[in-house]
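Student: here is my input; please provide its structure:
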Amino acid sequence: MERNNLIQQKLIEESIKQEIEQTLSLRAQRYLKVKPHEIIPYTQFAPVSAECNLLFRDGHYYGCITLTQSVAEAIVRFLCRKNSWKPEKDFENNINKLLKRNFISEKLKNKFLEIWKNRDDYHHLNQNIEVQRIKLEKISYKKVLLLKEIESEIFKFSIKNGKLIPENKKYWELHKNGTIPVFLKLE
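Tutor: Predicted structure coming up:
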(Lines give C-alpha, C1' and ligand atoms only; values in the text may rest on other atoms or scores of the structure.)
Protein backbone atom coordinates (compact mmCIF):
# COMPACT_ATOMS: atom_id res chain seq x y z
CA MET A 1 0.00 0.00 0.00
CA GLU A 2 2.80 2.42 0.88
CA ARG A 3 4.48 1.80 -2.48
CA ASN A 4 1.25 2.66 -4.34
CA ASN A 5 0.96 5.92 -2.40
CA LEU A 6 4.57 6.78 -3.25
CA ILE A 7 3.95 6.11 -6.95
CA GLN A 8 0.76 8.17 -6.88
CA GLN A 9 2.58 10.99 -5.12
CA LYS A 10 5.32 11.05 -7.78
CA LEU A 11 2.72 11.09 -10.58
CA ILE A 12 0.85 13.95 -8.93
CA GLU A 13 4.08 15.88 -8.37
CA GLU A 14 4.96 15.51 -12.05
CA SER A 15 1.48 16.63 -13.08
CA ILE A 16 1.69 19.72 -10.84
CA LYS A 17 5.17 20.53 -12.15
CA GLN A 18 3.94 20.35 -15.76
CA GLU A 19 0.95 22.56 -14.97
CA ILE A 20 3.18 25.17 -13.34
CA GLU A 21 5.63 25.14 -16.24
CA GLN A 22 2.81 25.52 -18.78
CA THR A 23 1.11 28.40 -16.92
CA LEU A 24 4.13 30.17 -15.42
CA SER A 25 4.23 33.06 -17.89
CA LEU A 26 0.49 33.75 -17.62
CA ARG A 27 0.63 33.60 -13.83
CA ALA A 28 3.48 36.11 -13.74
CA GLN A 29 1.59 38.42 -16.11
CA ARG A 30 -1.56 38.25 -14.00
CA TYR A 31 0.37 38.91 -10.80
CA LEU A 32 2.05 41.98 -12.27
CA LYS A 33 -1.37 43.34 -13.27
CA VAL A 34 -2.53 43.34 -9.63
CA LYS A 35 0.60 43.73 -7.52
CA PRO A 36 -0.80 44.23 -4.02
CA HIS A 37 -0.44 47.19 -1.70
CA GLU A 38 2.77 45.93 -0.15
CA ILE A 39 2.39 46.73 3.54
CA ILE A 40 -0.78 46.66 5.61
CA PRO A 41 -1.42 46.39 9.34
CA TYR A 42 -1.21 42.91 10.76
CA THR A 43 -4.91 42.11 11.11
CA GLN A 44 -7.06 38.99 10.80
CA PHE A 45 -7.73 39.84 7.15
CA ALA A 46 -4.14 40.69 6.12
CA PRO A 47 -3.03 37.16 5.12
CA VAL A 48 -6.39 36.55 3.45
CA SER A 49 -6.01 39.74 1.43
CA ALA A 50 -2.69 38.43 0.11
CA GLU A 51 -4.42 35.21 -0.94
CA CYS A 52 -6.82 37.19 -3.15
CA ASN A 53 -3.89 38.20 -5.34
CA LEU A 54 -2.55 34.66 -5.41
CA LEU A 55 -5.94 33.26 -6.42
CA PHE A 56 -6.11 35.74 -9.31
CA ARG A 57 -2.51 35.00 -10.25
CA ASP A 58 -3.19 31.28 -10.40
CA GLY A 59 -6.47 31.63 -12.32
CA HIS A 60 -8.83 30.66 -9.48
CA TYR A 61 -11.37 33.33 -10.35
CA TYR A 62 -14.39 32.19 -8.32
CA GLY A 63 -12.23 31.97 -5.22
CA CYS A 64 -10.69 35.36 -5.97
CA ILE A 65 -14.09 37.00 -6.35
CA THR A 66 -15.62 35.59 -3.18
CA LEU A 67 -12.52 36.03 -1.05
CA THR A 68 -12.07 39.62 -2.22
CA GLN A 69 -15.68 40.31 -1.24
CA SER A 70 -15.05 38.75 2.18
CA VAL A 71 -11.92 40.85 2.73
CA ALA A 72 -13.82 44.01 1.75
CA GLU A 73 -16.47 43.12 4.31
CA ALA A 74 -13.79 42.52 6.97
CA ILE A 75 -12.15 45.87 6.21
CA VAL A 76 -15.50 47.65 6.59
CA ARG A 77 -16.11 45.97 9.97
CA PHE A 78 -12.53 46.89 10.96
CA LEU A 79 -13.15 50.54 10.02
CA CYS A 80 -16.35 50.61 12.05
CA ARG A 81 -14.63 49.22 15.14
CA LYS A 82 -11.60 51.48 14.79
CA ASN A 83 -13.97 54.43 14.57
CA SER A 84 -15.71 53.42 17.80
CA TRP A 85 -18.93 51.67 16.91
CA LYS A 86 -20.11 48.12 16.59
CA PRO A 87 -20.67 47.23 12.93
CA GLU A 88 -24.08 46.06 11.82
CA LYS A 89 -24.55 42.80 9.94
CA ASP A 90 -25.57 44.74 6.81
CA PHE A 91 -22.51 45.68 4.72
CA GLU A 92 -24.21 48.54 2.89
CA ASN A 93 -25.48 50.12 6.14
CA ASN A 94 -21.94 50.05 7.50
CA ILE A 95 -20.60 51.64 4.31
CA ASN A 96 -23.23 54.38 4.45
CA LYS A 97 -22.43 55.12 8.11
CA LEU A 98 -18.71 55.31 7.32
CA LEU A 99 -19.47 57.80 4.55
CA LYS A 100 -21.98 59.83 6.59
CA ARG A 101 -19.51 60.10 9.47
CA ASN A 102 -16.71 61.15 7.05
CA PHE A 103 -14.48 58.13 7.62
CA ILE A 104 -14.50 57.24 3.92
CA SER A 105 -15.02 59.24 0.74
CA GLU A 106 -17.78 58.76 -1.81
CA LYS A 107 -15.13 57.36 -4.15
CA LEU A 108 -14.06 54.78 -1.57
CA LYS A 109 -17.70 53.88 -0.86
CA ASN A 110 -18.22 53.20 -4.57
CA LYS A 111 -15.15 50.96 -4.70
CA PHE A 112 -16.43 48.91 -1.77
CA LEU A 113 -19.86 48.62 -3.40
CA GLU A 114 -18.34 47.56 -6.73
CA ILE A 115 -16.47 44.73 -4.98
CA TRP A 116 -19.69 43.82 -3.17
CA LYS A 117 -21.70 43.71 -6.41
CA ASN A 118 -23.35 40.29 -6.87
CA ARG A 119 -21.91 39.12 -3.55
CA ASP A 120 -24.77 36.79 -2.69
CA ASP A 121 -24.79 35.32 -6.18
CA TYR A 122 -21.13 34.30 -5.95
CA HIS A 123 -21.22 33.22 -2.31
CA HIS A 124 -24.29 31.06 -2.88
CA LEU A 125 -23.32 29.97 -6.41
CA ASN A 126 -26.64 31.13 -7.79
CA GLN A 127 -27.52 30.22 -11.36
CA ASN A 128 -26.82 33.70 -12.71
CA ILE A 129 -23.10 33.77 -11.86
CA GLU A 130 -20.68 34.05 -14.73
CA VAL A 131 -19.27 30.80 -16.08
CA GLN A 132 -17.11 31.94 -19.00
CA ARG A 133 -13.46 32.03 -17.90
CA ILE A 134 -12.60 35.16 -19.87
CA LYS A 135 -15.45 37.08 -18.23
CA LEU A 136 -14.63 35.62 -14.81
CA GLU A 137 -11.04 36.77 -15.19
CA LYS A 138 -12.23 40.32 -15.94
CA ILE A 139 -14.59 40.33 -12.96
CA SER A 140 -11.98 38.98 -10.54
CA TYR A 141 -9.33 41.34 -11.94
CA LYS A 142 -11.58 44.33 -11.34
CA LYS A 143 -12.45 43.25 -7.80
CA VAL A 144 -8.90 42.45 -6.70
CA LEU A 145 -7.66 45.73 -8.22
CA LEU A 146 -10.34 47.64 -6.32
CA LEU A 147 -9.25 45.90 -3.11
CA LYS A 148 -5.69 47.09 -3.74
CA GLU A 149 -6.94 50.64 -4.28
CA ILE A 150 -8.98 50.52 -1.07
CA GLU A 151 -6.04 49.20 0.96
CA SER A 152 -3.72 51.77 -0.63
CA GLU A 153 -5.98 54.58 0.50
CA ILE A 154 -6.94 53.31 3.96
CA PHE A 155 -3.49 51.99 4.85
CA LYS A 156 -1.46 54.72 3.16
CA PHE A 157 2.04 55.15 4.52
CA SER A 158 5.40 56.64 3.74
CA ILE A 159 8.87 55.54 4.69
CA LYS A 160 11.31 58.03 6.23
CA ASN A 161 14.80 57.03 7.32
CA GLY A 162 13.80 53.37 6.99
CA LYS A 163 10.81 53.86 9.28
CA LEU A 164 7.18 53.21 8.36
CA ILE A 165 5.03 56.30 8.88
CA PRO A 166 1.28 55.48 8.62
CA GLU A 167 -0.87 58.32 7.36
CA ASN A 168 -3.96 57.19 9.27
CA LYS A 169 -2.43 56.04 12.55
CA LYS A 170 -5.66 54.80 14.15
CA TYR A 171 -5.77 51.93 11.65
CA TRP A 172 -2.31 50.70 12.65
CA GLU A 173 -1.34 49.17 15.99
CA LEU A 174 1.41 51.44 17.27
CA HIS A 175 3.43 49.90 20.07
CA LYS A 176 4.96 52.02 22.83
CA ASN A 177 8.45 51.03 21.71
CA GLY A 178 7.78 52.58 18.28
CA THR A 179 7.22 49.35 16.38
CA ILE A 180 4.23 48.58 14.19
CA PRO A 181 3.17 44.99 13.44
CA VAL A 182 2.71 44.72 9.69
CA PHE A 183 1.90 42.14 7.07
CA LEU A 184 4.18 42.22 4.05
CA LYS A 185 2.72 41.34 0.67
CA LEU A 186 5.97 41.18 -1.23
CA GLU A 187 6.96 38.70 -3.90
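Student: host element of the spatially most central residue of the chain?
Tutor: Ranked by distance to the mean C-alpha position of the chain (Cα atoms, centre = their mean), the top residue is Ser49 at 3.1 Å. Per DSSP states H and E: Ser49 is located in helix 46-57.
Student: from the contact counts, what lies against that helix?
Tutor: In this structure, helix 46-57 packs against helix 2-33, helix 61-82, helix 133-154, strand 182-184, with contacts taken as 3 or more Cβ pairs under 8 Å, 6 or more residues apart in numbering; DSSP states H and E. Every C-beta, even on glycine, is put in place using the N, C-alpha and C of the backbone.
Student: quick one, what contacts the closest residue to Arg27 other than its chain neighbours?
Tutor: Distances taken as Cβ to Cβ, 6 or more residues apart in numbering place Arg57 nearest to Arg27, at 5.1 Å, with adjacent residues excluded. By Cβ atoms under 8 Å, 6 or more residues apart in numbering, Arg57 lies in contact with Arg27, Arg30, Tyr31, Val34.
Student: make JSON lines from those and add distance to Phe155 and neighbour count to it.
Tutor: Putting the contacts of Arg57 into JSON lines (distance: Cβ to Cβ, whole Å; neighbours: other Cβ atoms under 10 Å) gives the following:
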{"residue": "Arg27", "distance to Phe155": "26", "neighbour count": "15"}
{"residue": "Arg30", "distance to Phe155": "23", "neighbour count": "19"}
{"residue": "Tyr31", "distance to Phe155": "20", "neighbour count": "16"}
{"residue": "Val34", "distance to Phe155": "16", "neighbour count": "19"}
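Student: and the residue nearest to Arg27, how far from Val144?
Tutor: Going from Arg57 to Val144 by Cβ to Cβ, to the nearest Å gives 9 Å.
Student: cool, Arg101 as well?
Tutor: Going from Arg101 to Val144 by Cβ to Cβ gives 28 Å.
Student: kindly report the same for Lys33.
Tutor: Distance, Lys33 to Val144, by Cβ to Cβ: 9 Å.
Student: of those two, which one has the most company?
Tutor: Val144 (27 against 13; other Cβ atoms under 10 Å).
Student: that one reaches Val34, doesn't it?
Tutor: Yes: because the distance of 5.0 Å satisfies Cβ atoms under 8 Å, Val144 is recorded as touching Val34.
Student: between those two, which contacts overlap?
Tutor: Asn53, Phe56.
Student: okay, Asp58 and Ala28: tell me how far apart.
Tutor: Taking Cβ to Cβ, one finds Asp58 at 11 Å from Ala28.
Student: ok, the two, which is more surrounded?
Tutor: Shown here are Asp58 and Ala28; by other Cβ under 10 Å, Asp58 has more neighbours (17 against 12).
Student: how about low-confidence regions in this structure?
Tutor: Within the chain, the ranges that satisfy pLDDT under 70 run 1, 187.
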